[in-house]
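Enquirer: From the sequence below, what's the structure:
(chains A and B)
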2 protein chains.
Amino acid sequence: MKLLVGQSGGPTAVINASLFGVLDEALASSQVSGVVGSLHGIEGVLRRELIDLGQEAPETLALLPHTPSAALGSCRYKLRDDDLEAVLAVFRQYDIRCFIYIGGNDSADTAHRVGEAAHEAGYELRVMGVPKTIDNDLPLTDHCPGYGSAARFVALATMAAGRDTEAMRRTDPVKIVEVMGRHAGWLAAASMLGKRSAEDAPHLVYVPERPLAAEAILDEVARAHQALGYAVLALCENQPDPSGKVLGAEGTPVFVDAFGHAYHESPGAYLARRIQDELGLRARLDKPGSIQRMMTATVSATDRAEAELVGRQAVRCALAGQTDQMVILVRQPGEPYACTLDTALLQDIANQQKRLPASYLEPQASLPSQAFRDYALPLIGEPLPTLARLRAIPV
Amino acid sequence: MKLLVGQSGGPTAVINASLFGVLDEALASSQVSGVVGSLHGIEGVLRRELIDLGQEAPETLALLPHTPSAALGSCRYKLRDDDLEAVLAVFRQYDIRCFIYIGGNDSADTAHRVGEAAHEAGYELRVMGVPKTIDNDLPLTDHCPGYGSAARFVALATMAAGRDTEAMRRTDPVKIVEVMGRHAGWLAAASMLGKRSAEDAPHLVYVPERPLAAEAILDEVARAHQALGYAVLALCENQPDPSGKVLGAEGTPVFVDAFGHAYHESPGAYLARRIQDELGLRARLDKPGSIQRMMTATVSATDRAEAELVGRQAVRCALAGQTDQMVILVRQPGEPYACTLDTALLQDIANQQKRLPASYLEPQASLPSQAFRDYALPLIGEPLPTLARLRAIPV
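Expert: Here you go, the predicted model:
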């Protein structure tokens, strides 16, 4: 049978490891007669931008697991109902009988609807989803490939920003690290994975699961600064206030474009400004943006290995006759860390969102809990570095 | 003799390697009777916040070269003339006869003036500077410890941002990476060290040495986007326009604080907005901020080794009777890369700034030249990763 693979949504540092897993498994199988790549996800099917992955050089394939981002190109395309017929027409034309889609919540929806349309049309097609998202917000799977590496970046970046602020506290006592995560706090929470003492950053972590008014955040920053002489906070780029509005999205926009769309400061920029203005403390913003999901130097080896594994497993499941499923990771109880593979229905993953449970947050402080640390630490790979702090015995 | 050491200015990922070099050399010398650390640079002397570094545990010292930021704390304090007497009073009180100051241009000025004041007062004091700055803008030395590691971060971050943009070009075709560097383009230029083909980021690099009007930048972005379908630009956080004003510093401020100080968008945010508004291309900004100078995962081993070496050398020079000098690195001609150590007068380094020479920039394009690449590549340590790009043969 002929297999088609695509990548979709925000890319990650290890989504190409999943692609490698799919390719290596499929190209080695006698049941597979060809592997077609769709450029820029489902858009490549609709536009017939399809490539023959069997013609790629072995050296290129060998580099894939170490190459960040989506080698096939990605998309953010919401499939319309009238697209489904066009997708099936292309599948028919090329005799595609297996569709592997690597992506997050929206991609699961796309894959599920394509599978459903094929079933209704009586076209035999096996559809498998491969989980991917730095946001870690897919239900049913213990975690999502891509998260571990982005979490490692955020943990190391927060350690870095923390030490920077500690040294520069006399002039720049407050630092804000603004990270991704869509509407879930998994990535912002990862900022605390390198924290080993009260002095270590972060001192405050804000996640969408626990909205707080800017005034309350300012109070917490003032208290943290008073305790240590400096304060580092991490927060999600979509951090809402209790009314549900993103922090800073009210008030005068920074600019209004030609179509009348208003653009506001990011929550980090907004808070930095108010901290400076109202607390009189110079606040600086580190906003790594796409670097956090792409940086090769901070890939988690665990994450990369799992990303490849879920790709392989999707092909194995399809060849065994499964369809309309996503491969998921199931955490085994106890130590050392281990996950097994299973599958879940695509429709149970599509358009759902798993957010941080209450037990992963400290009840009385704006910080993730030990339970979160226990959950996330195995995902980010090798232990984070131990840093020196002087005893500083006065002369 | 008793030695006092301090760290000053913006910290780096390897400034503690220099501190370790100073300590390891001084504590091992029979000529040194004690090593005093000044907290937050020269401010620690003025405030008598002095610590006994001989009492630190060997395990702590061993971790120092791998600990980013300034373990003693740093400062941005411009020494006033009437501070000099107070500094000398403290030196007299503790019988400090050797002053080692790890820092950049301003720190060289501080060290030089303290040495001069001691000389005028007939107080025997040996003063040595240890170079440090991610901006790489000190004259006379081939390069500055701290630059190689920050340059490695910027190179890897731009590779990451580039691959991200390439995959997401259908929705987010333009990315801006805004980096540090004060008023010199050394760090922005480092963004091109991972570029191996026309497709690779960056496609445009803007440095303060070559100011360009926003309109001209927009034209270049439009052309780069037309050629590839996406465009990544790197620029300095202080990028000026031809009038000398930082890009975006004119026009309506984002906010005005209680003291009437106006705050403007950063050049990256300003350009992103105009690209979006005038070219109709969604432009995203990655601004890693302090992360770029602190990240342990991107330290250059060459940089760390040299940072330790210049620290050791400063102690050796002082013990040999030298004073009012900064240790410098002298590049040896030919391959493989090698530097020897020498010294230069502090007053020839103080308050001077070395900017990118014209030969390090392409004459006809907004990109650094091959000559810059040859200069900078040995400084960032082990080779940057090779990434896969598919041949993408149509089906």
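
Enquirer: Just give me the longest helix of chain A.
Expert: For chain A, the longest helix by residue count, based on DSSP state H, is helix A:147-167.

Enquirer: do it and chain B meet?
Expert: Yes - interface with chain B: helix A:147-167 contributes A:156, A:157, A:159, A:160, A:161, A:163, A:164, A:165, A:166, A:167 (CB under 8 Å from any CB of the partner chain). Quick note: C-beta positions are derived from backbone N, CA and C, even for glycine.

Enquirer: Please work out the average pLDDT along that helix.
Expert: Averaging pLDDT along helix A:147-167 yields 98.

Enquirer: could you point out which element follows it?
Expert: Sequence-wise, the next helix or strand downstream of helix A:147-167 (DSSP states H and E) is strand A:174-179.

Enquirer: what's that following strand packed up against?
Expert: helix A:147-167, strand A:231-236, helix A:267-274, strand A:283-286 (3 or more CB pairs under 8 Å, 6 or more residues apart in numbering or on different chains; DSSP states H and E).

Enquirer: Each with direction, which strands does it pair with?
Expert: Looking at strand A:174-179 with DSSP bridges, its partner strands are strand A:231-236 (parallel), strand A:283-286 (parallel).

Enquirer: Now do it: distance to the chain's middle.
Expert: 18 Å (CA atoms, centre = their mean, to the nearest Å).

Enquirer: Return the set of buried residues in that strand.
Expert: A:174, A:175, A:176, A:177, A:178, A:179 (16 or more other CB atoms under 10 Å in any protein chain shown).

Enquirer: what angle sits between it and helix A:267-274?
Expert: 170 degrees (axes from the mean of the first three to the mean of the last three CA atoms, to 10 degrees).

Enquirer: one step back: ok now the longest helix of chain A, how far from the chain's centre?
Expert: 16 Å.

Enquirer: And stretch A:12-29, by the same measure?
Expert: Between the mean C-alpha location of stretch A:12-29 and the chain-wide mean there is a distance of 18 Å, by CA atoms, centre = their mean.

Enquirer: hmm, back to that, make JSON lines out of the helices and strands packed on strand A:174-179 and add mean neighbour count.
Expert: Listed next are those as JSON lines, based on neighbours: other CB atoms under 10 Å in any protein chain shown:
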{"stretch": "helix A:147-167", "mean neighbour count": "29"}
{"stretch": "strand A:231-236", "mean neighbour count": "30"}
{"stretch": "helix A:267-274", "mean neighbour count": "23"}
{"stretch": "strand A:283-286", "mean neighbour count": "23"}
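
Enquirer: any chance of the ones you listed in a markdown table, plus distance to residue B:282?
Expert: Shown next, in a markdown table, are the helices and strands packed on strand A:174-179 (distance: least, CB to CB, whole Å):
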| stretch | distance to residue B:282 |
| --- | --- |
| helix A:147-167 | 21 |
| strand A:231-236 | 21 |
| helix A:267-274 | 18 |
| strand A:283-286 | 21 |
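
Enquirer: Write out the residues of the stretch 151-300 of chain A neighbouring chain B.
Expert: So the stretch 151-300 of chain A meets chain B at A:156-157, A:159-161, A:163-171, A:175, A:177, A:254-255, A:257-258, A:263, A:265, A:273, A:276-277, A:284-291, A:293-298 (CB under 8 Å from any CB).

Enquirer: Show me what the helix or strand encompassing residue A:107 is packed up against.
Expert: Assigned by DSSP H and E, residue A:107 belongs to helix A:105-120. For helix A:105-120, the packing partners by 3+ CB pairs under 8 Å, 6+ apart come out as helix A:83-94, strand A:96-103, strand A:126-131, helix A:346-349.

Enquirer: Quick check: buried residues in that helix?
Expert: So helix A:105-120, judged by 16+ other CB under 10 Å, has buried residues A:105-115, A:117-118.

Enquirer: Quick check: closest non-adjacent residue to residue A:60.
Expert: residue B:388 (4.9 Å; CB to CB, 6 or more residues apart in numbering or on different chains).

Enquirer: SS state for the one you found?
Expert: Classification of residue B:388 by DSSP: H, G, I helix; E, B strand; the rest coil places it in coil.

Enquirer: wait, doesn't it sit right on residue A:64?
Expert: Yes - applying CB atoms under 8 Å, one finds residue B:388 in contact with residue A:64, separated by 5.0 Å.

Enquirer: shaky segments in the stretch 251-395 of chain A?
Expert: A:258 (pLDDT under 70).

Enquirer: Can you show me the strands along it?
Expert: For the stretch 251-395 of chain A, the strands defined by DSSP state E, counting those that start in this stretch cover A:255-256, A:262-263, A:283-286, A:325-331, A:339-345.

Enquirer: what's the closest of those strands to residue A:229?
Expert: Smallest distance to residue A:229 across the strands of the stretch 251-395 of chain A (CB to CB): 14.2 Å, for strand A:283-286.

Enquirer: what about the residue most central in space within chain A, distance to residue A:54?
Expert: Here the mean C-alpha position of chain A is nearest to the C-alpha of residue A:134 (CA atoms, centre = their mean), at a distance of 0.9 Å. Using CB to CB, to the nearest Å, we find residue A:134 at a distance of 30 Å from residue A:54.

Enquirer: hang on, the earlier thing: the residue nearest to the centre of chain A touches residue A:180, doesn't it?
Expert: Yes - applying CB under 8 Å as the test, residue A:134 and residue A:180 come out as touching, 6.3 Å apart.

Enquirer: joint contacts of these two?
Expert: A:10, A:150, A:187, A:292, A:293 (CB atoms under 8 Å, 6 or more residues apart in numbering or on different chains).

Enquirer: Scan these and report the most crowded one.
Expert: residue A:150 (34 neighbours; other CB atoms under 10 Å in any protein chain shown).
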